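**Student:** return atomic coordinates for the entry below.
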Amino acid sequence: VADSHPYVSTHWKRTVGVRGSAKTFEIRLQMVPSIPDGSHSLDRWLLPATRLHCSQTVVTMPSRRDELKNDDALRRLNSIQRLGTIALALGEERTRSELLPFLIENNDDEDEVLLAMAEELGKFVPYVGGPAYANVILQPLEQLSQVEETVVRDKAVESLCKVGEQLPGNSIGEHFMPLIKRLAQGEWFTSRVSACGLFAVAYPRANASQHAELRQMFTQLCHDETPMVRRAAAQKLGPFAAVVERDVVSRDLLPLFTDLTSDDQDSVRLLAVESCGAFAAALSKDDSSNSLLPVVQKFAQDKSWRVRYNVAAQMVPLCEALGPDLTRAELVPAYVKLLEDTEAEVRIAAAGKVAAFSKMLTPAIIVSQIIPRVKELANDSSQFVRAALAGVVMELAPQLGKQPTIEHLVPVFLNLLRDPYPDVRLNVISKLDQVNQVIGIELLAQSLLPAIEELAEDKHWRVRLAILEHIPLLANQLGAEFFQEKLGPQCMRWLEDQVASIREAATKTLQKIAQEFGPEWAKEHLVPPVLAMIKNPHYLYRMTVLVAISSLASYVSQEVFINTMLPVLVSCSKDRVPNVKFNVAKVLERVAPLVDNNVIQQTIKPCLNELAEDADVDVQFYAKQALYACDNIHMS
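**Tutor:** Presented below is the predicted three-dimensional model:
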């Protein structure tokens, strides 16, 4: 190959992987259909100026530079996304001496290209010689962390953190600290914004003197005149507090947190809220009670609804960090105000945390403080508030116990089950098992089954599907007799639903019910009504019955299947619709292993032989496939 063409001839089929020493490479061919044939394809996927010799491989960069500077942004993007392949071909030394300097010189490109470059450089440590040489990757990433586009900066910071975590200890002070200092003191705000994301990586690996310097730089960023920088500092304050010593958090970082929470920009304050959980975990109980709780309580009444929304979203992690005693004593009033907020978005966030927040409370506090607001939210003017509440309110039942659930929650459940918005009803239905565990099936049946029966006929098919998926659970709890009386007929009606997903789910539900109640119950209550539906004039419903027969076959006795269900299958093989007939062939293939060889030879194979002669090619195909399967069963 090397002798036939300097760029490698058409013997190359797709991409090339190169491995070996600096002088000798083994070349592996890999079939990748997306790359075109021909020697010119190497112009994109390896190095266009690559020259191969028998004893030495020389890889040069000129044409690759042209590729990376191509006028077509897509070609430049494709080349950047394969930097790893280029680096692997060049080797570690030449990647450090040629490829990285080239990238440093050519970092003025489309945002998509720069984003791909920032991502690829985060994976470059193995290509430059490992952690000992990882510092050479910092410079191009430092440049990318200062560009105007936010997503590029964020990805560059993410990659800087990955590389920083792999740097050896001496490189932190020699290379990573100066980088942070340059970014933190940069003239343009973008560099200072990026600097905020690097402190949490550098601090655990720095020495004591460097710790003080890092804290000083972070303090300057928290007091920066540019709101975007303060916002970035507020966002990264929590992760930084998580790696700083506890006494230092209280002494140096808590004042910064207090300042940021009083910022005149609501975008800064709302991001400062996210640090509450980290500070609660880092501070002592006394410091949390004296310094952190007043801030949270103030946030809960902030003039900006976005800040209050963030407080509601962060309330549960904060409570877990503070513990149940402080939560019950100090945070319940703040949470109640969030549940009563004038903005629907805040009520949505707070309502979705009702169950999780209540885990920190006693049943008496839940009944006196939370339940009255839950009842109000169940009738909220916003359907999204009601939907958020419906998804979690059922989880209050185990926390309250039987009698309070019956008295306070069941009316709320019934109200939400009749909500005109389908997502509200779906969310309630998905949590029915929570109530059943507490109040028992008898009370559940008396209070909720009428509503469930009504929803089983709901005009929204997703609501019907949600009810259907919970039928096996109800069957398990209700018992065979009660289930057949209340929900058995409805299960049969679902087999003839207009929506295919409902019919398919109904067949699976029947299978689970048969498994639950046993073969004798299925023989008496499931098999007769299912087989009766085979006379439906619409072929889609007849096909559903075939699927139901296939699902039930394993859960009835062989005698019932052979004497009752198999004759129906055979009769369907004479259906006028080809779709029904080839589905008969598919079902016969699935059920053949369930019967003995005499039944296969005397009943199933004659039926399949007849279908194999059908005029429809699809019927022939599935029939022959089933015959082949039957022959294999006989041979085994």
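
**Student:** could you use CA atoms for every contact and neighbour count after this?
**Tutor:** Fine.

**Student:** least trustworthy helix or strand in the protein by mean pLDDT?
**Tutor:** strand 51-52 (a mean of 30; mean pLDDT, DSSP states H and E).

**Student:** show me the helices in the stretch 301-450 of the chain, by range?
**Tutor:** Ranges of helices within the stretch 301-450 of the chain are 305-322, 324-326, 332-339, 344-351, 354-358, 363-365, 371-377, 383-390, 397-400, 402-404, 410-417, 422-429, 432-455, based on DSSP state H, counting those that start in this stretch.

**Student:** gap between the third one and the chain center?
**Tutor:** In this view, helix 332-339 has its centroid 30 Å away from the chain centroid, taken as C-alpha atoms, centre = their mean, to the nearest Å.

**Student:** dump it to CSV, keeping only the CA atoms.
**Tutor:** Extracted C-alpha coordinates of helix 332-339, given in CSV (Å, rounded to 0.1, in the frame of the first residue of the first chain):
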residue,chain,number,x,y,z
VAL,A,332,-42.9,25.7,58.2
PRO,A,333,-44.3,29.3,58.1
ALA,A,334,-42.0,30.2,55.2
TYR,A,335,-43.1,27.1,53.3
VAL,A,336,-46.8,27.8,53.9
LYS,A,337,-46.3,31.3,52.5
LEU,A,338,-44.8,29.7,49.3
LEU,A,339,-47.8,27.5,49.0
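
**Student:** and it, average pLDDT?
**Tutor:** Helix 332-339 shows a mean pLDDT of 91.

**Student:** show me what it packs onto, helices and strands only.
**Tutor:** Applying 3 or more C-alpha pairs under 8 Å, 6 or more residues apart in numbering; DSSP states H and E, we find helix 332-339 packed against helix 305-322, helix 344-351, helix 371-377.

**Student:** among these, which is the most enclosed?
**Tutor:** helix 344-351 (a mean of 24; mean count of other C-alpha atoms under 10 Å).

**Student:** need the residues that contact that helix.
**Tutor:** Contact with helix 344-351 is made by 305-306, 308-309, 312-313, 335, 338-341, 374, 377, 382, 384-385, 388-389, as judged by C-alpha atoms under 8 Å, 6 or more residues apart in numbering.

**Student:** hang on, the earlier thing: make CSV out of the helices of the stretch 301-450 of the chain and add distance to residue 135.
**Tutor:** Output for those, formatted as CSV (distance: least, C-alpha to C-alpha, whole Å):
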stretch, distance to residue 135
helix 305-322, 37
helix 324-326, 47
helix 332-339, 48
helix 344-351, 44
helix 354-358, 45
helix 363-365, 57
helix 371-377, 56
helix 383-390, 48
helix 397-400, 54
helix 402-404, 63
helix 410-417, 59
helix 422-429, 52
helix 432-455, 55
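
**Student:** mind checking which of those helices is nearest residue 217?
**Tutor:** helix 305-322 (26.6 Å; C-alpha to C-alpha).

**Student:** quick one: low-confidence parts of the stretch 1-150 of the chain?
**Tutor:** 1-73, 109 (pLDDT under 70).

**Student:** so can I have CSV of the helices and strands packed on helix 332-339 showing distance to residue 218?
**Tutor:** Formatted as CSV, those follow (distance: least, C-alpha to C-alpha, whole Å):
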stretch, distance to residue 218
helix 305-322, 23
helix 344-351, 31
helix 371-377, 42
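
**Student:** so which of those is nearest residue 404?
**Tutor:** Using C-alpha to C-alpha, the helices and strands packed on helix 332-339 put helix 371-377 closest to residue 404, at 10.2 Å.

**Student:** my read: residue 156 touches residue 144, true?
**Tutor:** Yes: when contacts are counted by C-alpha atoms under 8 Å, residue 156 is listed as touching residue 144 (5.9 Å).

**Student:** got any residues that touch both of the two?
**Tutor:** With contacts taken as C-alpha under 8 Å, 6+ apart, the residues that reach both residue 156 and residue 144 are residue 118.

**Student:** which of those two has more residues huddled nearby?
**Tutor:** Ranked by neighbour count (other C-alpha atoms under 10 Å), residue 156 and residue 144 place residue 156 first, with 31 against 26.

**Student:** contacting residues for residue 585?
**Tutor:** Going by C-alpha under 8 Å, 6+ apart, the list of residues near residue 585 reads 573, 608, 611, 619, 622-623, 626.

**Student:** which SS class is it?
**Tutor:** helix (DSSP: H, G, I helix; E, B strand; the rest coil).

**Student:** how close does it sit to residue 609?
**Tutor:** The gap separating residue 585 from residue 609 is 10 Å, by C-alpha to C-alpha, to the nearest Å.

**Student:** list residues touching both of these two?
**Tutor:** Contacts common to residue 585 and residue 609, judged by C-alpha under 8 Å, 6+ apart, are residue 623.

**Student:** all helices for the stretch 51-200 of the chain, in order.
**Tutor:** In the stretch 51-200 of the chain, the helices defined using DSSP H, counting those that start in this stretch lie at 62-68, 73-80, 83-90, 92-94, 100-105, 111-121, 138-144, 150-166, 169-171, 177-184, 189-195, 199-202.

**Student:** tabulate the ones you listed in TSV, adding columns for distance to residue 249.
**Tutor:** Below are these laid out as TSV (distance: least, C-alpha to C-alpha, whole Å):
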stretch	distance to residue 249
helix 62-68	47
helix 73-80	42
helix 83-90	41
helix 92-94	42
helix 100-105	38
helix 111-121	32
helix 138-144	28
helix 150-166	22
helix 169-171	24
helix 177-184	21
helix 189-195	20
helix 199-202	13
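
**Student:** winner for burial among the ones you listed?
**Tutor:** For the helices of the stretch 51-200 of the chain, the highest mean count by mean count of other C-alpha under 10 Å goes to helix 189-195, at a mean of 25.

**Student:** for that one, packing partners?
**Tutor:** helix 150-166, helix 177-184, helix 227-243.

**Student:** do that again at 10 Å, thanks
**Tutor:** helix 138-144, helix 150-166, helix 177-184, helix 208-222, helix 227-243 (3 or more C-alpha pairs under 10 Å, 6 or more residues apart in numbering; DSSP states H and E).

**Student:** can I get those helices in TSV with distance to residue 326?
**Tutor:** Below are these laid out as TSV (distance: least, C-alpha to C-alpha, whole Å):
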stretch	distance to residue 326
helix 138-144	44
helix 150-166	36
helix 177-184	38
helix 208-222	29
helix 227-243	21
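
**Student:** out of the ones you listed, nearest to residue 295?
**Tutor:** helix 227-243 (14.3 Å).
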